[in-house]
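Colleague: Below is the sequence, then the predicted model.
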Amino acid sequence: MGTADSTGEAARLAELLSTLKERSGLSYGALGKRLHLSASTLHRYCNGDAVPADFAPLNRFARLCRATPEELVEVHRRWILADAAREHRGKGGGGADVVPAADSGTPADTPVARDAPDAPDTPDAPDTPRPRRRLVLAATAGVVAVAAVGALLVGRLGGEGAGAGAGAGEAAGAARGPVASSPAAGSGSPSPSGSASGEPSASPSDSGTPSASPGSSAEGKPAAPAPTGVPFHASVRAHAWENQCSQRYLVDREPDAVRPPPVEQDAPAWVAAMGAVSADEQVVEVTLQGKGSETVVLQALHVRVVRTGEPLAWTDYGTGVGCGGGVALRAFDVDLDQGAPAARAADGQRPFPYKISESDPEMFRVTAHTGGRDVSWYLEVEWSSGERQGVFRVDDRGRPFRTSASDGRPAYDYPPGASEWSEHQPG
């Protein structure tokens, strides 16, 4: 654990946080009480002594300080770079401390390969001493063990690269995104397609191959292998909120069987435990960051509908009441009731294409809504880099997002200080 370099990314993030805090006129104690964080933790964030492992605390902090939409995007951009810088420092011990997220979870243990068993002894040739044979067998077993560990790690990192590269433990920052898995059976797609798991999902469908096959250089030396795979990291928040009170969910349970509403960073776990579905509106945040110096062009953002049906006949539950207004960020708006839903730029957001690189990430906020349907859907990002191009699928841990209308359904709220759900009071 160390302190942040005064010229580092953590310091730049801290500078902006400190500006927002001073402008709000609130003390660390008052902010911490409303954010459910200690005053000392907030002080470390604003001093650059610590970088949270998840963006949600900073998102709530900035909103509470009445940050503008542009400032919210800038806070997110600086956090991505600060978290990536911390990861790049690795085990060196320098830089800002990392503060675990409230619901970061515990990643699955990495499989460890067992040593290869010794081959059974066979009679040695008369002129071959036994000690030399044992040395060769030991070396061979060591190579096999190393190869096995390498294969496991390559498989793990290869699977995570598309979805979790900007996620837990990857170079682009901890606890930021999904973990890609193998493609679903029967997808029918001619290109590899994975689906993300972990915190929300981003899964690649990557043609990933250049139009010309690699050849040899003019000097007769073999050319460097062409890069393959998705050339950027991705993180997805399937349950981003406008504010603590804005989101409502449909749950097929009676009020006494529903847990108290979560805070934003705990929403994925609460949704999974309750089998909840976003009611009327769902906000998805997608952050894309290049892996290296190459520039990646994001050509288009598409909406794909998997299925649509009648609204769910479930009960409507709110995440809170009495929070007041918040800053609405509707970068891209999706009307799921249209015959062919599309992501349309809103509130002055410029449309695609965009460019990203390792030092210039982009965050896209997509608000999808329905007034009369139950819709399962996901997003696709078309990208190109040099001679390569592909399509990157964004979904919820390998499954489509799901949003259903709640009109006419029984509704409940959980007022501050209450110990049980109570009927929703309009107005």
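Modeller: That came through, no problem.

Colleague: residue contacts, the closest residue to A67 other than its chain neighbours?
Modeller: Of all residues not flanking A67 in the chain, L20 sits nearest, at 5.6 Å (Cβ to Cβ, 6 or more residues apart in numbering). (Each C-beta comes from the backbone N, C-alpha and C, glycine too.) Shown in contact with L20 (Cβ atoms under 8 Å, 6 or more residues apart in numbering): 61-62, 65, 67, 71, 75.

Colleague: again, 6 Å this time
Modeller: Taking Cβ atoms under 6 Å, 6 or more residues apart in numbering as the criterion, L20 is in contact with 62, 65, 67.

Colleague: again, but for V271
Modeller: Contacts of V271 by Cβ under 6 Å, 6+ apart: none found.

Colleague: Per-residue pLDDT of it, please?
Modeller: Note for V271: predicted pLDDT of 95.

Colleague: quick one: buried residues of the helix or strand that it is a member of?
Modeller: Using DSSP states H and E, V271 sits in helix 267-274. For helix 267-274, the neighbour count (16 or more other Cβ atoms under 10 Å) marks 267-268, 270-271, 274 as buried.

Colleague: before we move on, what about stretch 386-393?
Modeller: 388-393.

Colleague: ditto for stretch 12-30
Modeller: Buried, per 16+ other Cβ under 10 Å, within stretch 12-30: 12-14, 16-17, 20-21, 24, 28.

Colleague: just checking, which of the residues you listed belong to helices?
Modeller: 12-14, 16-17, 20-21, 24, 28 (DSSP state H).

Colleague: Looking at those, spot the one nearest D337.
Modeller: Ranked by distance to D337 (Cβ to Cβ), these are led by L20 at 36.9 Å.

Colleague: On the pLDDT front, check that closest one for me.
Modeller: Reported pLDDT for L20: 93.

Colleague: The chain should start at 740 in everything you say after this.
Modeller: Sounds good: first residue 740 from here, last item L759.

Colleague: Helix or strand next in line after the longest strand along the chain, which one?
Modeller: When the chain is parsed with DSSP state E, its longest strand is strand 1035-1048. Once strand 1035-1048 ends, the next helix or strand along the chain (criterion: DSSP H and E) is strand 1054-1057.

Colleague: in its sheet, what does the longest strand of the chain sit against?
Modeller: strand 1093-1095 (antiparallel), strand 1113-1124 (antiparallel) (DSSP bridges).

Colleague: Can you name the residues in contact with the first one?
Modeller: If I follow you right, that is strand 1093-1095. By Cβ under 6 Å, 6+ apart, the surrounding residues in contact with strand 1093-1095 are 1027, 1029, 1034-1037, 1101.

Colleague: Out of the strands paired with strand 1035-1048, which is the most enclosed?
Modeller: strand 1113-1124 (a mean of 21; mean count of other Cβ atoms under 10 Å).

Colleague: Please list the outside residues in contact with that strand.
Modeller: Residues outside strand 1113-1124 that contact it (Cβ under 6 Å, 6+ apart) are 970, 1033, 1035-1041, 1043-1048, 1050-1051, 1075, 1129-1134, 1139-1143.

Colleague: Which members of these are classed as buried?
Modeller: Looks like the contacts of strand 1113-1124 have 970, 1035, 1037, 1040-1041, 1044, 1047, 1050-1051, 1075, 1129-1134, 1139-1143 buried, using 16+ other Cβ under 10 Å.

Colleague: Chain neighbours aside, what residue packs nearest to Q1164?
Modeller: D1152 (7.4 Å).

Colleague: Please look at that neighbour and G1057 and confirm they touch.
Modeller: Yes. Between D1152 and G1057 there is a contact under Cβ atoms under 6 Å: 4.5 Å.

Colleague: shaky segments in the chain?
Modeller: Along the chain, the parts satisfying pLDDT under 70 run over 740-746, 829-966, 982-984, 1060-1069, 1166.

Colleague: how about the helices in it?
Modeller: So, for the chain - with DSSP H - the helices run 748-763, 767-774, 778-786, 795-803, 808-828, 869-903, 1006-1013.

Colleague: just to revisit the earlier point, can you get me a residue count around the residue nearest to Q1164?
Modeller: 20 (other Cβ atoms under 10 Å).
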